[in-house]
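J.: Pasted the sequence and its predicted model underneath.
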Number of protein chains: 2
Amino acid sequence: MPTESEIISRIRKRAAAPRDARVPIGDDAAVMEFAGADDLIACCDLMVEGVHFQTHWATPRLIGRKALAVTLSDVAAMGGSPRFAMISLALPAAKSSEFVNELFDGIFEMADAAGVFIIGGDTSSSPDSLFIDTIALGRCAKGRAITRAGALPGDRIFVTGSLGASRLGLMLLGQGFRLEDDSQNDKEAGRARRLALLKHLAPAPRLEFGRTIGEAGLANSMIDISDGLSTDLSHILEESRSGAIIHAAALPIDDSVIALAPDELKTDPLDLALHGGEEYELLFTAPPENRDRIIELSAATGLPVTEIGEIIIGEGLRIERNGALEPVKPRGYEHLI
Amino acid sequence: MPTESEIISRIRKRAAAPRDARVPIGDDAAVMEFAGADDLIACCDLMVEGVHFQTHWATPRLIGRKALAVTLSDVAAMGGSPRFAMISLALPAAKSSEFVNELFDGIFEMADAAGVFIIGGDTSSSPDSLFIDTIALGRCAKGRAITRAGALPGDRIFVTGSLGASRLGLMLLGQGFRLEDDSQNDKEAGRARRLALLKHLAPAPRLEFGRTIGEAGLANSMIDISDGLSTDLSHILEESRSGAIIHAAALPIDDSVIALAPDELKTDPLDLALHGGEEYELLFTAPPENRDRIIELSAATGLPVTEIGEIIIGEGLRIERNGALEPVKPRGYEHLI
């Protein structure tokens, strides 16, 4: 394990200072100019080895990339734009300098792609597991953050991208499949496996879509899917004191899930789409008259958006399947099953 | 161990929303109004069980209190005022609900005392040790943050409070002394031990002094002593490209160190004062013409401030002892020796 000062010195070299950083990384704290017209968004997300990930599942680069990606996703889910990040890292003694370098390669890769500057952090040794806490700071126009509490009866429910592949990827990891494993006899299944593994190990937070829909003021409520559609939609319903109906046939189930779940994994694709966590897709509600502009936004950002249901007066989540309504119990995402 | 949702629900109940929180704790991220006249200060500090503390050393309340205190101290060291905090917690399964409650009692106690609002965080289980990452957000007037880089030759060097007691407290903990242990035969030594243990386990960040000296613009550089005077002063010297001379006779060595170090611990009090970490005193430099106003500030805040040396052209740190100058090698604070 490299020493703390070695790690800090390397990170400082790589952490380019943005123009609005008055005091960049390396002091007791970072200091940023802040435009008075904006609100400040702050959040953090903790990833623990053995709970959220295993180091033998993926390269350190992908672990670092995902650690930051999931936190930036929370800023996008507020309709904001991430701008700064801090990284707190507790490193087991057995981790090599190379591991740490690659971990930060991934963190900086994600930061650069998002236009985010690393402005601080802390490092420590760890008696056992690797801990990565990432902190994101961002902005949105004054009073324009999109919360979980704004859904209104009559709103339509939309989701970006497709569903179920991240959980499928996690199941494949548990079965021993790895990204670097290209000895697939069945090319079709191999390709599906690879997409599911990528969705789990290298999620792409919907930063542009989140920021743009926030700026356009098109959504009444929004959340990112980290615990699964059923759980995260239930968060919106609880905070908005409303109910919802979603349509099974409308759910954008990922192709890899349809290809692999029933046969290889004896799992219902709908189950993965409803309850699979770590999707980092955006789930939002909007009045029906915004539908056209949402479709335009989808086209402009190149990100599919699907209407999956509607907000109703009442409480609880129900799913319509072949004309019948049944209640959906939110099933929180279970780690490492 | 309580479930994540139990922990979050308890914290949400206790986390009063400040007026400038547009979106309080409980959404994907917190959103705060931000006064355009201020700069934003951000930092984080990670405390790991077995590295920075042991749970049998002190109550969970004191562990929680200190975890937040050390991060707020970093904001004070910028001459700023902390305003918001986030807490990321990884909890071993063996920790009881009572432990978690008391830990948060300590965190909220420190937050309330500092006028800081808890606006977010994350919780996870931990395979082994307890991890607490605390994140602080604060403000200072535009462009007025006090960095490590501003010391000028001719500046005098000042330190708040007294030195050496925190390291002494750590040594006493290693010898089995505890705060709750009141079976001291020797009342004088017992009192000294108690003060040293308190300095280590319940440090008081110099928030009022840091904010006030920042507002008054009296210091050219500042840092809080977390790694020890020799190491932290060396940080100022490196960043300011200057040297310094400090005077052994001027160092405000804590009474408990003078009482206990030589006989009970066979340790040179000067050594503890020079190299002992986790003091959370403020170390700063200022032009000599500011001395009177600094003394006034010390009186107004009730916090002793001592002049201990001066910044010179050149590099490196030297100490004057009985008329002779000798170099001081920074000795980084070693955890858990």
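T.: Great, that's in hand. Numbers count the residues shown, from 1 in each chain, chains lettered A, B, ... in the order given.
J.: tell me the contacts of the closest residue to residue A:194 other than its chain neighbours?
T.: Setting aside the residues directly before and after it, residue A:194 is nearest to residue A:179 in space (C-beta to C-beta, 6 or more residues apart in numbering or on different chains), at 6.9 Å. (Each C-beta comes from the backbone N, C-alpha and C, glycine too.) Residue A:179 sits next to A:58, A:62, A:194, A:197, A:198, A:201 when contact means C-beta atoms under 8 Å, 6 or more residues apart in numbering or on different chains.
J.: next one: residue A:284
T.: Counted by C-beta under 8 Å, 6+ apart, residue A:284 has contacts A:146, A:157, A:158, A:159, A:213, A:219, A:220, A:221, A:222, A:223.
J.: same for the helix or strand harbouring residue A:72, what does it pack against?
T.: Per DSSP states H and E: residue A:72 is located in helix A:60-76. Applying 3 or more C-beta pairs under 8 Å, 6 or more residues apart in numbering or on different chains; DSSP states H and E, we find helix A:60-76 packed against strand A:38-48, strand A:81-92, helix A:97-114, strand A:131-141, helix A:207-216, strand A:221-224.
J.: just to revisit the earlier point, for the residue nearest to residue A:194, helix, strand, or coil?
T.: With DSSP: H, G, I helix; E, B strand; the rest coil as the basis, residue A:179 sits in coil.
J.: tell me the pLDDT at it?
T.: Residue A:179 carries a pLDDT value of 90.
J.: try residue A:334
T.: Per-residue confidence for residue A:334 comes out at a pLDDT of 47.
J.: ok, now which ones touch the residue lying closest to residue A:259 once chain neighbours are set aside?
T.: In this structure, residue A:259 finds its nearest non-sequential neighbour in residue A:192, 4.2 Å apart by C-beta to C-beta, 6+ apart. Counting by C-beta under 8 Å, 6+ apart, residue A:192 makes contact with A:255, A:256, A:259, A:260.
J.: Likewise for residue A:83?
T.: Residues touching residue A:83, when contacts are defined by C-beta under 8 Å, 6+ apart, comprise A:18, A:32, A:115, A:116, A:117, A:137, A:138, A:139.
J.: Buried subset of these as a PyMOL selection?
T.: Remark: buried members of those, expressed as a PyMOL selection using 16 or more other C-beta atoms under 10 Å in any protein chain shown:
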select buried, chain A and resi 32+116+117+137+138+139
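J.: Of the contacts of residue A:83, which pair is most distant in space?
T.: A:32 and A:115 (14.3 Å; C-beta to C-beta).
J.: In chain A, what residue lies closest to chain B?
T.: residue A:36 (1.8 Å; C-beta to the nearest C-beta).
J.: what does the model give that residue for pLDDT?
T.: At residue A:36, pLDDT is 71.
J.: With residue A:142 as the reference, measure out to it.
T.: Separation of residue A:36 from residue A:142 (C-beta to C-beta, to the nearest Å): 9 Å.
J.: which of the two has more neighbours?
T.: Comparing residue A:36 with residue A:142 by other C-beta atoms under 10 Å in any protein chain shown, the one with more neighbours is residue A:142, at 15 against 12.
J.: can I assume that one is in contact with residue A:40?
T.: No: applying C-beta atoms under 8 Å, one finds residue A:142 not in contact with residue A:40, separated by 10.3 Å.
J.: okay, and the common contacts of these two?
T.: residue B:33.
J.: Please convert the contacts of residue A:192 to JSON lines, extending it with pLDDT, neighbour count and secondary structure.
T.: Formatted as JSON lines, the contacts of residue A:192 follow (pLDDT from 0 to 100; neighbours: other C-beta atoms under 10 Å in any protein chain shown; DSSP: H, G, I helix; E, B strand; the rest coil):
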{"residue": "A:255", "pLDDT": "96", "neighbour count": "15", "secondary structure": "helix"}
{"residue": "A:256", "pLDDT": "96", "neighbour count": "26", "secondary structure": "helix"}
{"residue": "A:259", "pLDDT": "94", "neighbour count": "19", "secondary structure": "helix"}
{"residue": "A:260", "pLDDT": "93", "neighbour count": "24", "secondary structure": "helix"}
